[in-house]
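K.L.:
Predicted coordinates and the sequence they were generated for:
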Amino acid sequence: MGFTSSDHSEWLLIYVPGEDAPEVTDGDLHTHNWSSRIIHSEKWLFLNVGFEEKSKNWSFAFDLNSPNALRFLRRMLRTKRVLVGFRNKVSIRLDPNPADSLVEDFGKKLDALMPGWRQAYRP
């Protein structure tokens, strides 16, 4: 997880190590959804991203006890700009943005998972 600049804007970057980007074009549709788990009293969010036409899927885990993960998620809720980056220096823009779907999928449950998220979210 990190930050990068693209089109003169700040983007959040989720990096997939050891893998080249699938060959996708702007017209290729991706899917994404969120899930949550509590493992040994630790709260986790998972972002699942897939390109059905390419049979490629990734799951990204966010430890909600980690200040870095929380900072990333709050920034995602604010900026709504997320890229998935690969080792061949190709990045794929997640559009529609996963911030809105996180809020839609979890609603009030998000208050328990990530207190204070409403201050960062811009509808």
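P.N.:
Noted; the coordinates are in hand.

K.L.:
Let me know whether Val16 touches Val84 as I believe.
P.N.:
Yes. The criterion here is Cβ atoms under 8 Å, and Val16 meets it with Val84 at 6.3 Å. (C-beta placed from N, C-alpha, C; glycine too.)

K.L.:
Could you tell me which residues touch both of these two?
P.N.:
Counting by Cβ atoms under 8 Å, 6 or more residues apart in numbering, the residues touching both Val16 and Val84 are Trp58.

K.L.:
Pick out whichever of these two has more residues nearby.
P.N.:
Legend: neighbour count by other Cβ atoms under 10 Å for Val16 and Val84, higher for Val84 (21 against 16).

K.L.:
Tell me the confidence at the residue of the chain positioned farthest from its centre?
P.N.:
Farthest-out residue of the chain from its mean C-alpha position, per Cα atoms, centre = their mean: His40, at 23.3 Å. Looking at His40, its pLDDT is 90.

K.L.:
Which elements pack onto the longest helix anywhere in the chain?
P.N.:
Using DSSP state H, we find that the single longest helix of the chain is helix 67-79. Judged by 3 or more Cβ pairs under 8 Å, 6 or more residues apart in numbering; DSSP states H and E, helix 67-79 is in contact with strand 9-16, strand 56-63, helix 98-106, helix 117-120.

K.L.:
Include mean pLDDT when you put those into JSON lines, please.
P.N.:
Shown next, in JSON lines, are the helices and strands packed on helix 67-79 (pLDDT from 0 to 100):
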{"stretch": "strand 9-16", "mean pLDDT": "86"}
{"stretch": "strand 56-63", "mean pLDDT": "90"}
{"stretch": "helix 98-106", "mean pLDDT": "92"}
{"stretch": "helix 117-120", "mean pLDDT": "92"}
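
K.L.:
Out of the ones you listed, the one nearest Leu70 is which?
P.N.:
The closest of these to Leu70 is strand 56-63. By Cβ to Cβ, the value is 8.2 Å.

K.L.:
neighbouring strands for the closest one, and are they parallel or not?
P.N.:
Partners of strand 56-63 in the sheet, by DSSP bridges, are strand 42-51 (antiparallel).
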